[in-house]
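>>> Mind looking at a prediction? Sequence and model below.
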Amino acid sequence: MEKRQMQKEVPAVKKELKQLIQKGKTNEALQVFNKNIELLQLDIEMYSIAAVILISQMKIKEAEEIILNGLKVDPRNFDLLFNLGYVYELKGELFQAWNLFRQAEYYAETSSQKRDLENVIRELNQKLSYRTAFEEDKYMIEIVGGKQRFPLTYNHEHLRERKKILDVIMENVLEGVKSVVEIEFGPGIISRTLARCGLEVKSFDSQILNFLGALGLEMGEKLRQRDRLDLHPFTKFTINESNVESLDPADMFLLLPETFNWYREKGLENSRKVIKGLVKKARKQVFINLPEPDGEDKTLYQRLEEEIKDLLQETGWVEEPGETDLEKGRLFNFGKVPRDNLAGENLIPRGIDAIESKGELFKIPLEKCVDINGFTFSPEDWQHFSATIREYLDNPELEYQGSILERFFEKFTPKNRQEQWAPHLEEDIYPANKGWPGLPWIRVPGNVTKIAQKFETDLTRIRGGNQHFGPNSKKFGQEELERIISAYHLMEKGYQPEIFPDGYINGYFLKKGVDYRLIVTEGQHRAAALSVLGYREIIAKLSSDSKHMKVVDYNNAEYWPAVKNGWYSPQGARVLFDVFFNANGRWKARYLGII
């Protein structure tokens, strides 16, 4: 059959195949396809139709082969990428599936395609898991997805070097930058941080280990709460001279290879083509990292220095004073907006302004941070972790027996929530005086009659005790002392939450008039250590746990979840609010006889 005649046959064959698939007649569909297999090369949709038929027949290997052949013809085809992701999911290779679904996301055009992707990614995230282990100069994350298991190691020093680049970028982001593309994202901490600031970020890297490593860090935070699975769309994808033009425009482009190998492998001409392509796509700002080469390649390094500056200046870009000499290389900063208009200072809002921000991060004074017992982290106040650290600094040989921590666990043994939160109150606050419900503003309060153990969670069961109050075993107390000391020594090196999985101190706001407090829900050891170290202000993150409201407003007590459902009275709920809002840890410790 002539090619022209074959092309005329394609629409009718496609229609017949689709009808058979819709009716579930996959055997008949496969027969029709096999009779018309020569049409495959004439229409890219035929590859997807064939894949659907083969997948329905569980002929996974054949479906994979068909799709890969189709992607050679059209590497940006949404249906082929989506179906290949599904094939890998069926094979139990969940990380490849995740990456392909993320690639497909960039080529999704219809609302139906975007909805399908959202659903499959949400379901896939439920199948991923991780575990962590920490050592003095590194930590390990093992990520597990189906048949795949990857142990990953993160070196603190390497991550701190990457953070130096992040700090320069954060300080020099120009006003009006809302969208970012990062190429060669490495461990992913730059993309993750910018996304947490509310910017729209897309991230690509050519190395599979970088893709897995960045995903591992993200999983270490987001998968702790199974209702919060919007993992950042890191994508394993090589940007080169032949496909750079296909990237969508963005306000800011970051080309940040970790080593000079990226430039060496491309050579001068192809490196120039990639940079030229990125510059065309950038609307406001470009950062380019040029790592210093090891050994040879000095000539190429010098040529690239000249080429980068000449290329951007020729196309109307202005080199910003933020251009930086790194310890091993240079970070170029070019912009199209006047230098006076910097957004860096305002990229992370302060205090309660965070509720109006698209981001998750905010700056807050430690004196406004309160733990879940009602002790504050103010450097001038008393909190049991902070007090333990100060005692350790006075006595580096400190043991649990005889310590202030042991005294705390012995003296503070509440029999219900009211005794935990407000032991000084003479009036009874129902139901806090009867058992262990959640606070009145928590979205999923515990059941008063069914919770038998105080504040029992999987974590406390594993550890064999409770870090917030006693009684606890001496074994648990000694282990808790060691955790507190370890957190202090880690914070001595600086509070660098960007480089750790779930490294930020988390919490939610209490608001009364124009004033506010932060209830710290995660990172209480770190907050205590920073208080002792003299920090006055920290960067924290809004809790991603769905049971926490972003802001609990005193004036809206009638609408708090456990008030609305009739558990607490509005008056009693407000009394508990004031306990936390007016918290005085030193007074409470004296009242309890701890000090």
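Received it, and whenever you're ready, just let me know what you need.
>>> Tell me, what's the model's pLDDT at the residue most central in space within the chain?
Centroid-nearest residue in the chain, with CA atoms, centre = their mean: residue 218, separated by 4.3 Å. Looking at residue 218, its pLDDT is 82.
>>> for the one 4 residues further on, same thing?
The predicted local confidence for residue 222 comes out at a pLDDT of 63.
>>> which element is the closest residue to residue 243 other than its chain neighbours on?
With CB to CB, 6 or more residues apart in numbering as the criterion, residue 243 has its nearest non-adjacent residue at 7.9 Å, and that residue is residue 75. For every residue, glycine as well, the C-beta is placed using N, CA and C. Using DSSP states H and E, residue 75 is not contained in any helix or strand.
>>> Tell me the strands beside the biggest strand by length in the chain, with direction?
Ranked by residue count under DSSP state E, the longest strand found in the chain is strand 282-291. As defined by DSSP bridges, the strand partners of strand 282-291 come to strand 250-255 (parallel), strand 329-335 (antiparallel).
>>> from these, which stretch is densest packed?
strand 250-255 (a mean of 24; mean count of other CB atoms under 10 Å).
>>> buried set for the strand or helix carrying residue 210?
Using DSSP H and E, residue 210 sits in helix 208-222. In terms of neighbour count (16 or more other CB atoms under 10 Å), helix 208-222 has its buried residues at 210-222.
>>> What's opposite residue 515 in the beta bridge?
Applying DSSP bridges, one finds that residue 515 bridges with residue 512.
>>> actually residue 181, sorry about that
Counting by DSSP bridges, residue 181 is bridged to residue 202, residue 253.
>>> Mind pulling up the pLDDT for it?
97.
>>> same check, this time on residue 276
Reported pLDDT for residue 276: 95.
>>> how far away is the closest residue to it other than its chain neighbours from residue 113?
Spatial nearest neighbour of residue 276, chain neighbours left out: residue 311 (6.1 Å); criterion: CB to CB, 6+ apart. Here residue 311 is placed at a distance of 36 Å from residue 113 (CB to CB, to the nearest Å).
>>> now swap in residue 395 and tell me
In terms of CB to CB, residue 395 sits 63 Å off from residue 113.
>>> Number of residues surrounding residue 443?
13 (other CB atoms under 10 Å).
>>> is it true that it touches residue 548?
Yes: in this structure, residue 443 is within contact of residue 548 by CB atoms under 8 Å, at 7.3 Å.
>>> residue contacts, the nearest residue to residue 558 once chain neighbours are set aside?
Using CB to CB, 6+ apart and skipping residues adjacent in sequence, the residue nearest residue 558 is residue 570, 5.3 Å away. Applying CB atoms under 8 Å, 6 or more residues apart in numbering to residue 570 gives the contacts 557-558, 563.
>>> Tell me which other helices or strands the helix or strand hosting residue 393 touches.
Residue 393 is part of helix 384-394 when elements are defined by DSSP H and E. If you count contacts as 3 or more CB pairs under 8 Å, 6 or more residues apart in numbering; DSSP states H and E, helix 384-394 packs onto helix 404-411, helix 474-492, helix 524-532.
>>> possible to save the ones you listed as TSV with distance to residue 103, mean neighbour count and mean pLDDT?
Shown next, in TSV, are the helices and strands packed on helix 384-394 (distance: least, CB to CB, whole Å; neighbours: other CB atoms under 10 Å; pLDDT from 0 to 100):
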stretch	distance to residue 103	mean neighbour count	mean pLDDT
helix 404-411	51	20	97
helix 474-492	37	17	95
helix 524-532	36	25	97
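>>> Nearest to residue 194, out of these?
Closest approach to residue 194 among these (CB to CB): helix 524-532, 22.3 Å.
>>> what's in contact with that closest one?
Helix 524-532 has contacts (CB under 8 Å, 6+ apart) with 366, 369, 371-372, 377-379, 383, 385-386, 388-390, 393, 467, 483-484, 487-488, 490-492, 495, 505, 520, 538.
>>> Can I get it in PDB? Just the C-alpha atoms.
Output in PDB follows, covering the C-alpha atoms of helix 524-532 (Å, rounded to 0.1, in the frame of the first residue of the first chain):
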ATOM      1  CA  GLN A 524      11.400  22.100  70.000                       C
ATOM      2  CA  HIS A 525      15.000  20.700  70.700                       C
ATOM      3  CA  ARG A 526      16.300  23.000  68.000                       C
ATOM      4  CA  ALA A 527      14.400  26.000  69.300                       C
ATOM      5  CA  ALA A 528      15.700  25.400  72.800                       C
ATOM      6  CA  ALA A 529      19.300  25.200  71.500                       C
ATOM      7  CA  LEU A 530      19.000  28.400  69.500                       C
ATOM      8  CA  SER A 531      17.600  30.200  72.500                       C
ATOM      9  CA  VAL A 532      20.600  29.200  74.600                       C
END
